[in-house]
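K.L.:
3D, please:
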Amino acid sequence: MDETNATGTGPRRVKSLQHATAIIDALERLDGARIADLVEHVDLSKGSVHTHLATLRDAGLVSKRGDQYHLGLRFVTLGEHVKENQRVYTAAKNQVDRLAAETGEYADLVVENEGFEVALKVARGKRAMETEYHIGIEETPQYLHNSSAGKAILAHLPEDRFDRILEQHGLPERTPNTITDRETLESRLERVRDRGYAVNDEEDIRGFRAVGAPILDSDGVPLGAISVSAPKSRLKGERFETEVPELVMQATNVVEIDIDTSEQGRRTE
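P.N.:
Numbers count the residues shown, from 1 in each chain. Here you go, the predicted structure:
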């Protein structure tokens, strides 16, 4: 049971950790900052910010270059540890690499976290052009409703979870093609369930398309999704409608089998 705060209105929180997290978030958004910059972005005094930064530096979570503070390299090792302990990542990473090599485009493995899409792996094929968009999806959580992988996940979430995500994040518009009303989204998600994959037709960035399929556990709960994205000039016609969807669904099927067999193996040990 959660401990409640002094007023009995909810679970207690550790203020110092909340402040440290706010500083870490600000350093990420600002891509490094001076103390004066941080004071403007967090509700703390200059002295308090300095104390928190010193503590975070001792833990290896923050580094200092000149008068600028940056996120520390310890986040790299922590991130790798978290990924390697995600069963969907260990089962899917080779399939994502294979898809990127086979299609020549970007292939991604994403999961849902706190109502957002988080990329666990991004692989770049030989024909894929490097863009700020693909760099960004590795660094920043994205909305679910305007990506193929995100819609593949949304289509299989329990209704109460789906409702909470829409209530919390809404359906913000990214391009004129973005779905911004619930009725249309639900209709598209029903189609996703029927055919086994979702598409992003310039709904997140103009000129880009993507195809994504869910990775489901034995109970039909989405563990993540795999997608392939490319400029619409290359992802069109039969390639957009048949070829790439089949490749993506083949990849997710292999991942699901890998996860199921490993789970069965653990149960018989």
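K.L.:
same for the strand or helix carrying Thr55, what does it pack against?
P.N.:
Thr55 is part of helix 46-58 when elements are defined by DSSP states H and E. For helix 46-58, the elements it packs on are helix 15-30, helix 35-41, strand 62-65, judged by 3 or more C-beta pairs under 8 Å, 6 or more residues apart in numbering; DSSP states H and E. For the C-beta atoms, the positions are set from N, CA and C on the backbone; glycine is no exception.
K.L.:
need the helices for the protein, in chain order.
P.N.:
Along the chain, the stretches classed as helices by DSSP state H are 15-30, 35-41, 46-58, 74-84, 87-103, 132-139, 148-154, 159-169, 182-195, 237-238, 244-268.
K.L.:
Out of these, indicate the one that is most buried.
P.N.:
The highest mean neighbour count among the helices of the chain, using mean count of other C-beta atoms under 10 Å, belongs to helix 148-154: a mean of 29.
K.L.:
Which neighbouring elements make contact with that one?
P.N.:
strand 106-113, strand 116-124, helix 182-195, strand 198-201, strand 208-216, strand 222-231.
K.L.:
one more time with 7 Å, if that's ok
P.N.:
Helix 148-154 sits against strand 106-113, helix 182-195, strand 198-201, strand 208-216, strand 222-231, with contacts defined as 3 or more C-beta pairs under 7 Å, 6 or more residues apart in numbering; DSSP states H and E.
K.L.:
Can you lay out those as JSON lines showing distance to Ile257 and mean pLDDT?
P.N.:
JSON lines is the format used below for these (distance: least, C-beta to C-beta, whole Å; pLDDT from 0 to 100):
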{"stretch": "strand 106-113", "distance to Ile257": "16", "mean pLDDT": "95"}
{"stretch": "helix 182-195", "distance to Ile257": "20", "mean pLDDT": "97"}
{"stretch": "strand 198-201", "distance to Ile257": "21", "mean pLDDT": "98"}
{"stretch": "strand 208-216", "distance to Ile257": "11", "mean pLDDT": "97"}
{"stretch": "strand 222-231", "distance to Ile257": "13", "mean pLDDT": "96"}
